[in-house]
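Student: Give me coordinates for this.
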Amino acid sequence: MPIVSILQYVAVISVSASAALLAIKKRMDIVGSIVVAMIASFGGGVMRDLLIGNIPVSFLEPSSTSLILCSFGVVFILFHIGFIPKAREGLMKRTREFWFDLTDAVGLAAFAVAGADVARAMGENAAVQIFCGCITGVGGGILRDVVAAEIPLIFRKRIYLLPVIFGTAAYVWLQSAVSVAVAVSVGMAIIVGFRILAILYKWDLPTPLPREKRKEDEEKKEKQTV
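Tutor: Here you go, the predicted structure:
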């Protein structure tokens with residue numbers, strides 16, 4: 001199986017898991033949660049295909065849909081049945097946030113590299129490949145957050161888009177010089193590594209709001225989240 005196909009499966013599993021975690025946080029029912037997972041998993045790819053004329057758009061493949069449902073089911077069971085009730089109250093928020101950040105970072109990286117490869121296969125130049133990688137990586141997350149009534153992560157904190165640009169550019173630059181496996185590994189490592197560091201050390205891009213005020217608002221919002 002080609003490594004890019006494996007990447008797409010990894011991306012679908014990771015992104016649908018992060019979408020399920022967000023749906024749990026928003027207290028959506030099971031149908032709403034599955035819809036959010038579907039949108040997050042296929043949204044970026046659909047945007048990319050429409051922009052570069054890859055028609056008909058290919059999505060809702062049985063294998064991908066099955067992976068989404070399985071990934072969603074595992075997350076749903078773990079967070080609603082798997083924890084002892086008393087332990088769940090204390091651990092749910094912290095555990096959910098950790099796994100959301102991790103699965104979102106992995107899905108972001110896998111989709112970005114896979115999206116760039118699709119553009120490469122269609123004969124697009126390096127700039128278009130990088131753009132397609134970015135839109136594939138972040139598109140589904142933007143739609144997921146909008147549907148869940150959240151300001152998309154890409155627009156608010158933890159340096160979201162820059163790692164995607166750097167990682168996708170590294171993949172595009174390396175793909176003609178080294179093996180596909182090495183190019184994929186480097187590109188994904190840049191995106192996931194940068195995202196995790198940004199989350200751990202709370203790196204943000206400058207905004208009009210003073211840093212102290214941003215921190216205060218974040219802490220207030222975290223206290224309100226159950």
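Student: so how far is residue 188 from residue 196?
Tutor: Residue 196 sits 12 Å away from residue 188, going by CB to CB, to the nearest Å. No exception for glycine: its C-beta is placed from N, CA and C like everyone else's.
Student: Compare neighbour counts for these two and give me the winner.
Tutor: Between residue 196 and residue 188, residue 188 has the larger neighbour count (other CB atoms under 10 Å), namely 23 against 16.
Student: shaky segments in the chain?
Tutor: The chain contains residues with pLDDT under 70 at 1, 58-60, 80-94, 209-226.
Student: got the buried residues for stretch 34-54?
Tutor: With burial defined by 16 or more other CB atoms under 10 Å, the residues of stretch 34-54 counted as buried are 34, 36-49, 52, 54.
Student: same check, this time on stretch 56-68
Tutor: Under 16+ other CB under 10 Å, the buried positions of stretch 56-68 are 64-65, 67-68.
Student: Can you name the next helix or strand after the helix or strand residue 41 falls within?
Tutor: Using DSSP states H and E, residue 41 maps to helix 30-52. Remark: after helix 30-52, the chain's next helix or strand is helix 62-77, criterion DSSP H and E.
Student: and the next helix or strand after that next one, what other elements does it pack with?
Tutor: Remark: after helix 62-77, the chain's next helix or strand is helix 85-121, criterion DSSP H and E. Here helix 85-121 touches helix 3-25, helix 30-52, helix 126-147, helix 161-174, helix 180-201, going by 3 or more CB pairs under 8 Å, 6 or more residues apart in numbering; DSSP states H and E.
Student: Tell me which residues are up against the last one.
Tutor: Read it as helix 180-201. Here helix 180-201 makes contact (CB atoms under 8 Å, 6 or more residues apart in numbering) with 3-4, 7, 101-102, 104-106, 108-110, 112-113, 116, 137, 158-160, 162-164, 166-168, 170-171, 174-175, 203.
Student: Just the buried ones among the residues you listed, please.
Tutor: Buried among the contacts of helix 180-201 by 16+ other CB under 10 Å: 4, 7, 101-102, 104-106, 108-110, 112-113, 116, 137, 158, 160, 163-164, 167-168, 170-171, 174-175.
Student: returning to what we had before: of the helices and strands packed on helix 85-121, which approaches residue 208 most closely?
Tutor: Each of these has some distance to residue 208 by CB to CB; the shortest is helix 161-174, at 18.5 Å.
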